[in-house]
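Asks: This is a predicted model, with the sequence first.
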Amino acid sequence: MDLLAAYGEDGTFEQIPTVEEPIPAPKKDLVVRSSKIDIAPSVSYSHLHTVQNYESPSSAVVAYNPEYDAMWAPVQGPSHPILAKDPNARPNNTINGFVETIHMNHYTFDSEMHNYTRSKETDEKKEKRKRHGFGKANDLEGFQGPWAKFEDEEEYNKQYQVAADEVMTPQEAEEIKKETAEAKKTKVSEPNTLSTSSEFFGGELRDYLGRSYVDPPSHLKPRPHDCYLPKKIIHSYEGYTQGVSVIRFAPSYGHLLIAGGLDGMVKIYDVYNKKNILRSFKGHTKAVKDICFTNDSRRFITAGYDRCILLWDTETGECLGSYTNGSIPYCAKFNPDTSRQHVFLAGCSDKKIVQFDTNSGKIAQTYDQHLGAVNNIVFVDGNRRFVSSSDDKSLRVWEWGIPVVIKYISEPHMHSMPQMAVHPDGQYFAAQSMDNQIVVYSTQNKFKIAKKKRFTGHMVAGYACGIDFSPDGHWLVSGDSDGKLYFWDWVTGRMMKNPHGHDHVAIGVQWHPIEPSRIASCGWDGKINLWD
């Protein structure tokens with residue numbers, strides 16, 4: 001406010017007189033005392049011994065906050081012999097020079113190595129193939145242009161050129177088509193041209209009533225019954241020096257047990273009486289993969305790795321025919337329908353399912369949709385449909401006689417399923433998966449997976465261990481790669497027991513159709529065990 005008052009109309013400041021305030025006099029009671037004199041005071045001398053951290057000018061990271069003087073201080077010590085000449089040069093960390101460390105995975109290293117090798121090979125210049133002269137453009141017949149032949153190219157056969165220029169008539173094309181179709185249909189080989197043989201070991205072929213060993217005993221009557229878990233091995237069949245790959249009970253009665261070995265031999269054993277071998281069949285030159293009886297047990301087929309499927313007479317041991325399509329049959333199944341006992345399916349290594357007719361001896365139908373070898377086949381829905389599994393990690397459902405897939409089951413989490421079995425009630429079928437579990441699918445129209453039914457605990461990865469249901473559908477049994485048998489409760493999914501029965505892989509297992517707790521198992525140790 002004093003400044004505003006001092007500001008005149010002419011815009012100049014007027015000098016405002018100042019008043020000097022008097023200095024107060026000291027109080028009378030103030031007493032001045034002399035302070036104590038410190039002869040050796042404490043003096044800070046940290047600045048006298050300051051240590052500076054000098055960093056290299058090439059340092060990219062500094063771990064502290066340096067001062068300006070420290071950052072621009074000259075480099076101490078002698079100069080580097082290499083960096084003095086070239087500041088951008090790297091010092092040698094090895095005798096031969098500088099080696100830089102780099103992290104690289106195996107795929108990148110192999111790729112770079114192959115590229116280096118390939119580029120080294122291509123450095124050598126190869127002589128370019130020379131063509132004959134193009135000719136002149138005005139020469140219509142002699143002009144070759146860029147289509148001229150190479151000098152080192154062989155001349156075509158004139159006869160081949162003449163044959164290729166000829167036009168095939170429609171009649172000739174139709175004849176060739178018919179010949180090709182006939183060649184694909186494989187006929188039954190005559191039995192006398194096959195090197196097959198059979199030997200009977202049962203003593204008498206027929207009893208006093210004229211019954212052979214194929215006829216079931218009179219006291220056996222198939223009827224519904226409750227099943228129980230077996231406790232121990234009651235008998236072990238012998239006769240195989242190598243492993244046993246497959247076993248089957250005779251349908252309905254189970255009075256016969258047939259086995260196929262890795263040596264190509266097929267043998268039939270007695271189950272109730274003396275439990276001895278009854279007859280042997282020799283016809284395969286390689287291991288037997290699958291066996292299937294007809295409903296009356298009078299005939300059976302054997303599929304082997306020698307690319308042949310043999311049809312045998314169970315009583316006489318005669319080979320009734322041989323079937324093949326040129327590939328290895330991994331499974332062979334008769335149609336369980338009583339009116340179709342003359343037809344069987346074979347899943348082969350050439351990704352096809354072939355339907356053979358034993359009456360005509362020809363291929364009746366071919367189901368060709370899989371992308372891998374067909375491993376197993378089961379019949380569902382009253383034998384009107386069948387399900388096939390393959391190495392392409394998928395399941396396909398077919399209508400009988402129609403080579404069109406009606407249901408395709410494939411998921412990213414699925415594995416190959418080499419063995420399957422249908423539940424006795426016909427509403428589900430179980431599949432042995434290669435990820436050490438048994439999965440279950442419905443046999444209804446949608447064929448959905450039963451997520452709540454999953455059986456685990458065994459080890460089967462890499463082995464096509466068989467599975468089977470008890471006749472009452474209460475138990476599920478499976479083989480194991482360690483020679484054990486695993487039993488699960490079908491309702492709860494709980495593993496009940498896992499007895500050890502084989503020294504090698506327990507590859508096959510079969511539940512007896514009549515006896516409540518009788519099971520047969522086979523393994524690659526050459527043993528066939530009968531449990532009860």
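Replies: Happy to help now that I have it.
Asks: Low-confidence ranges, this protein, go.
Replies: Per-residue confidence for the chain (pLDDT under 70) gives these ranges: 1-40, 43-58, 75-76, 80-91, 120-127, 140, 152-170, 172-173, 176, 179-194.
Asks: Quick one: the helices in it, in order.
Replies: Counting by DSSP state H, the chain has these helices, from start to end: 2-6, 68-71, 106-122, 158-165, 170-184.
Asks: how far is the second one from where the chain is centred?
Replies: If I follow you right, that is helix 68-71. The chain centroid and the centroid of helix 68-71 are separated by 66 Å under CA atoms, centre = their mean, to the nearest Å.
Asks: so who does the most centrally placed residue in the chain touch?
Replies: Centrality entry for the chain: nearest residue to the mean C-alpha point is residue 415, 5.4 Å, by CA atoms, centre = their mean. Neighbouring residues of residue 415 by CB atoms under 8 Å, 6 or more residues apart in numbering: 393, 433, 434, 435. (Each C-beta comes from the backbone N, C-alpha and C, glycine too.)
Asks: Of those residues, which is the nearest to residue 334?
Replies: Here the nearest of these to residue 334, counting by CB to CB, is residue 433; it sits at 25.8 Å.
Asks: Excluding residues flanking it in the chain, which one is nearest the closest one?
Replies: On the basis of CB to CB, 6 or more residues apart in numbering, the spatially nearest residue to residue 433 that is not a chain neighbour turns out to be residue 415, at 4.9 Å.
Asks: Regarding the residue lying closest to residue 424 once chain neighbours are set aside, what are the backbone dihedral angles?
Replies: Counting by CB to CB, 6+ apart, residue 424 lies nearest to residue 473, which is 4.3 Å off, once chain neighbours are set aside. Backbone dihedrals for residue 473, given as degrees, to the nearest 10, come out at phi 80, psi 10.
Asks: So residue 473 is in contact with residue 426, correct?
Replies: No: Residue 473 is not in contact with residue 426 according to CB atoms under 8 Å; the separation is 9.8 Å.
Asks: list the residues that contact both of these two?
Replies: Jointly contacting residue 473 and residue 426 under the rule CB under 8 Å, 6+ apart is no residue at all.
Asks: hmm, back to that, which ones are touching the residue nearest to residue 424?
Replies: The contact partners of residue 473, by CB under 8 Å, 6+ apart, come to 423, 424, 425, 490.
Asks: which residues touch the third one?
Replies: The reference is to residue 425. Going by CB under 8 Å, 6+ apart, the list of residues near residue 425 reads residue 473.
Asks: For it, grab phi and psi.
Replies: Residue torsions, per degrees, to the nearest 10, at residue 425 are phi -80, psi -10.
Asks: just the second one next, same as before
Replies: Comment: the main-chain dihedrals of residue 424 come out as phi -60, psi -30, following degrees, to the nearest 10.
Asks: Report the separation between it and residue 384.
Replies: According to CB to CB, to the nearest Å, residue 424 stands 18 Å off from residue 384.
Asks: Tell me which of the two has more neighbours.
Replies: Taking other CB atoms under 10 Å, residue 424 and residue 384 do not tie; residue 424 has more neighbours (16 against 11).
Asks: For the residue nearest to residue 480 when sequence neighbours are not counted, give its distance to residue 437.
Replies: What sits nearest to residue 480 in space, not counting adjacent residues and going by CB to CB, 6+ apart, is residue 458, at 4.7 Å. Distance, residue 458 to residue 437, by CB to CB: 8 Å.
Asks: Show me which of these two is the more surrounded one.
Replies: When residue 458 is set against residue 437 and neighbours are counted by other CB under 10 Å, the residue ahead is residue 458, at 24 against 15.
Asks: of the contacts of residue 473, closest to residue 351?
Replies: For these, the residue nearest residue 351 by CB to CB is residue 423; the value is 28.1 Å.
Asks: can you pull the contacts of that closest one?
Replies: Going by CB under 8 Å, 6+ apart, residue 423 touches 429, 430, 469, 473, 490.
Asks: Could you find the closest non-adjacent residue to residue 438?
Replies: The spatial neighbour of residue 438 that comes closest, neighbours along the chain excluded (CB to CB, 6+ apart), is residue 455 at 4.1 Å.
Asks: Which parts of the stretch 201-350 of the chain are strands?
Replies: Secondary structure of the stretch 201-350 of the chain (DSSP state E, counting those that start in this stretch): strands located at 233-237, 244-249, 256-261, 265-270, 277-282, 288-293, 299-304, 309-313, 319-323, 329-334, 343-348.
Asks: okay if I get the ones you listed as JSON lines plus mean neighbour count?
Replies: JSON lines is the format used below for these (neighbours: other CB atoms under 10 Å):
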{"stretch": "strand 233-237", "mean neighbour count": "15"}
{"stretch": "strand 244-249", "mean neighbour count": "24"}
{"stretch": "strand 256-261", "mean neighbour count": "24"}
{"stretch": "strand 265-270", "mean neighbour count": "22"}
{"stretch": "strand 277-282", "mean neighbour count": "20"}
{"stretch": "strand 288-293", "mean neighbour count": "22"}
{"stretch": "strand 299-304", "mean neighbour count": "24"}
{"stretch": "strand 309-313", "mean neighbour count": "23"}
{"stretch": "strand 319-323", "mean neighbour count": "20"}
{"stretch": "strand 329-334", "mean neighbour count": "24"}
{"stretch": "strand 343-348", "mean neighbour count": "24"}
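Asks: tell me the contacts of residue 328?
Replies: Applying CB under 8 Å, 6+ apart, we find residue 328 in contact with 289, 305, 307, 348, 349, 373.
Asks: let's go with 6 Å and repeat that
Replies: Applying CB atoms under 6 Å, 6 or more residues apart in numbering, one finds that residue 328 lies in contact with 305, 307, 349.
Asks: Distance of it relative to residue 290?
Replies: According to CB to CB, residue 328 stands 11 Å off from residue 290.
Asks: Over to residue 313?
Replies: Residue 313 sits 18 Å away from residue 290, going by CB to CB.
Asks: Residue 132 too?
Replies: Computed as CB to CB, the residue 132 to residue 290 distance reads 60 Å.
Asks: cool, and residue 383?
Replies: Residue 383 is 18 Å from residue 290, where distance means CB to CB.
Asks: now swap in residue 380 and tell me
Replies: When distance is defined by CB to CB, residue 380 is 19 Å away from residue 290.
Asks: just residue 308 next, same as before
Replies: Per CB to CB, residue 308 is found 12 Å from residue 290.
Asks: got any residues that touch both of these two?
Replies: When contacts are counted by CB under 6 Å, 6+ apart, residue 308 and residue 290 are jointly contacted by no residue.
Asks: Let me know whether residue 483 touches residue 502 as I believe.
Replies: Yes: Residue 483 lies in contact with residue 502 (CB atoms under 6 Å); the separation is 3.5 Å.
Asks: Residue 475: what's it in contact with?
Replies: Contacts of residue 475 were listed using CB under 6 Å, 6+ apart, and they are residue 487.
Asks: hmm, 10 Å instead?
Replies: The contact partners of residue 475, taken as CB atoms under 10 Å, 6 or more residues apart in numbering, are 227-230, 468-469, 487-490, 496, 511, 517, 519.
Asks: swap in residue 471?
Replies: Neighbouring residues of residue 471 by CB under 10 Å, 6+ apart: 222-227, 254, 424, 511-516.
Asks: if we can go back for a sec, need the strands of the stretch 201-350 of the chain in TSV (columns: distance to residue 362).
Replies: Putting the strands of the stretch 201-350 of the chain into TSV (distance: least, CB to CB, whole Å) gives the following:
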stretch	distance to residue 362
strand 233-237	37
strand 244-249	26
strand 256-261	26
strand 265-270	25
strand 277-282	24
strand 288-293	20
strand 299-304	16
strand 309-313	14
strand 319-323	9
strand 329-334	16
strand 343-348	11
